[in-house]
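Trainee: predicted model follows, preceded by the sequence.
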Amino acid sequence: MTGTGSFMIVVGFDGSEHSQAALKWAVDEARHRDGQLRLITAWKKPPMAWYPAVLETAVGEIVAEESPEQIAGTLQADALESVANEGVAASGQVVNSDSPASSILEAAKDADLVVVGSRGHGGFPGLHLGSVSTQVINHAPCPVLVVRSRA
């Protein structure tokens, strides 16, 4: 149990279908345990990228592309808003990291449970378990629940 006396659930959230299923499960669990959530959304700057990128559309309009940090922040803000609408206390961190698993594990040091999706946006769609969830399972300081979406 955390020092606050409230059941703390850390959720790895990247906006993928599996992380949305994990968030839904974590919200239900927090409600049953009168707990709170801590959402972790990791982002990193792609190699050789610069932001903001300026693009020209097919009709000649000039638009600025969002940076990975802005996208992560928006994803998390939307998720936190949906959790608040469910009546569950939640906080979040948007972390610049080459290792989303390390960011989740760091946040889980004082957690009672970690909830992650079985896979995220990785490049091997046939895998049932992604690299981040595998690392979290193997190194977490508390129980881990891995959630698969129904799709």
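Mentor: Happy to help now that I have it.
Trainee: can you map out the helices along the chain?
Mentor: 17-33, 68-85, 100-107, 131-139 (DSSP state H).
Trainee: would JSON lines of the ones you listed with distance to M8, mean neighbour count and mean pLDDT be doable?
Mentor: Where C-beta positions appear, they are placed from N, C-alpha and C, glycine not excepted. Listed next are these as JSON lines, based on distance: least, CB to CB, whole Å; neighbours: other CB atoms under 10 Å; pLDDT from 0 to 100:
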{"stretch": "helix 17-33", "distance to M8": "9", "mean neighbour count": "19", "mean pLDDT": "95"}
{"stretch": "helix 68-85", "distance to M8": "14", "mean neighbour count": "16", "mean pLDDT": "93"}
{"stretch": "helix 100-107", "distance to M8": "9", "mean neighbour count": "22", "mean pLDDT": "96"}
{"stretch": "helix 131-139", "distance to M8": "15", "mean neighbour count": "18", "mean pLDDT": "94"}
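Trainee: can you say which of these is nearest to V115?
Mentor: helix 17-33 (4.3 Å; CB to CB).
Trainee: and the helices of the chain: which comes nearest W43?
Mentor: That would be helix 68-85 among the helices of the chain, by CB to CB, at 3.8 Å.
Trainee: next, format the helices of the chain as JSON lines and append distance to A42.
Mentor: Converted to JSON lines, these look like this (distance: least, CB to CB, whole Å):
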{"stretch": "helix 17-33", "distance to A42": "11"}
{"stretch": "helix 68-85", "distance to A42": "7"}
{"stretch": "helix 100-107", "distance to A42": "4"}
{"stretch": "helix 131-139", "distance to A42": "9"}
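Trainee: ok, which of the ones you listed comes nearest F7?
Mentor: Using CB to CB, the helices of the chain put helix 17-33 closest to F7, at 4.1 Å.
Trainee: can you show me the CA trace of the closest one as CSV?
Mentor: Extracted C-alpha coordinates of helix 17-33, given in CSV (Å, rounded to 0.1, in the frame of the first residue of the first chain):
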residue,chain,number,x,y,z
GLU,A,17,-6.3,0.1,-28.3
HIS,A,18,-4.7,-2.2,-25.7
SER,A,19,-3.7,0.8,-23.5
GLN,A,20,-7.2,2.1,-23.7
ALA,A,21,-8.5,-1.3,-22.5
ALA,A,22,-5.9,-1.3,-19.7
LEU,A,23,-7.1,2.2,-18.6
LYS,A,24,-10.7,1.1,-18.6
TRP,A,25,-9.8,-1.9,-16.4
ALA,A,26,-7.7,0.3,-14.1
VAL,A,27,-10.6,2.8,-13.7
ASP,A,28,-13.0,0.0,-12.7
GLU,A,29,-10.4,-1.4,-10.2
ALA,A,30,-9.7,2.0,-8.7
ARG,A,31,-13.4,2.5,-8.2
HIS,A,32,-13.8,-0.9,-6.4
ARG,A,33,-10.7,-0.2,-4.2
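Trainee: perfect, I'm done here.
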